[in-house]
Each structure stands twice: as structure tokens, then as C-alpha cells.
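S.K.: The following block contains a protein sequence and its predicted model.
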Amino acid sequence: MTNDNNAAMKTPVQALEDRRRQQGDSVAMVQPLGGDQVRRYTWNEVADEAYRMAAYLKAEGIQAGDRVALVSKNCAEWIIADLAIWVAGGVSVPLYPTLLADSVRLRRQLRRYLPSGRSVAPLARRRTAGGRQLRGDG
């Protein structure tokens, strides 16, 4: 399958690598931090962080095809964590924090998407208002 530019379709990881090569120092994402503050991520930073997180996931035992639950508000770090899961060969399973934590349905979802007998590897501990963001800090 090809797109309108007659180029082969690429995976998100391949597209990230292309952006890194072509526009590495350009701003890829801007994350509002509150007030007038923002965090700008370049393509190089996004790729570096995604590969660092992917190495952590692999060290925690994530293998190709494993489902990895990702719980976060919409933010730049969510996108980076998604990329990390894909780089590691995993399948990203987004679970939004607006779902009730004590919901029976959520618990069933988690059981379905997380490998049994495995602990959930925390990717972040940075606090945000009302929740935590995922980041590869271990």
C-alpha cells in the first residue's frame, strides 16, 4: 500500500527514525506545564527517550507481541511511551485515567491485556495534577 506521495507506508517507528534523520533538532512536540511554561521536545529527544524506555521495557521482560497497558492523561510523554512500547515490539493498550479504578470492567480489561504472573513495570513517577505520567525513569 502506498500513500499519495507514492512512498511505501511506514510504521510509526520508521517514521520517527526518518524525522530524526531529517529534522533531529527541530521541535517535535510541545507539552504545556502550567502557567506560561512549556517543555519542547526535539525529534532527537523523542527518539532517544523512546529507545531508552524500550530498553527498560525489554529489561523488564517485555517481548515482541506482549501487551503493555499505558495509563496517562493526554501528553507528550504518552506519545513517547507509545513509541517505546512499539520499539520494544510490544502492543500498546491505552487505558484512560477517566475510567474508574475500582470498576469491575477496568479490572477485567487489565486482566485481559496484561500477561498473567507479571508485574506492571512503572515507567514514571512524575506527578501531574490528578495522576501520574509514564516515563522511563524506573
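M.R.: On my side now, so go ahead. Numbers count the residues shown, from 1 in each chain.
S.K.: Can you give me the buried ones in the lengthiest strand in the chain?
M.R.: Counting by DSSP state E, the longest strand found in the chain is strand 27-34. For strand 27-34, burial by neighbour count (16 or more other C-beta atoms under 10 Å) applies to 28-29, 31. Backbone N, C-alpha and C define where each C-beta goes, glycine included.
S.K.: For the chain, which residues score under the pLDDT cut-off?
M.R.: Across the chain, the ranges flagged by pLDDT under 70 are 1-7, 98-138.
S.K.: Please repeat the previous calculation with a cut-off of 80.
M.R.: 1-8, 95-138 (pLDDT under 80).
S.K.: Around Trp86, count how many other residues there are.
M.R.: Residues lying near Trp86 (other C-beta atoms under 10 Å) number 18.
S.K.: Which secondary structure element is home to it?
M.R.: Applying DSSP states H and E as the criterion places Trp86 in helix 76-87.
S.K.: quick one, that helix and strand 27-34 angle?
M.R.: Per axes from the mean of the first three to the mean of the last three C-alpha atoms, to 10 degrees, the angle that helix 76-87 makes with strand 27-34 is 140 degrees.
S.K.: can you map out the helices along this protein?
M.R.: In the chain, the helices defined using DSSP state H lie at 12-23, 43-59, 76-87, 104-113.
S.K.: Just send those back as TSV, with distance to Gly35 too.
M.R.: Listed next are the helices of the chain as TSV, based on distance: least, C-beta to C-beta, whole Å:
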stretch	distance to Gly35
helix 12-23	28
helix 43-59	22
helix 76-87	17
helix 104-113	33
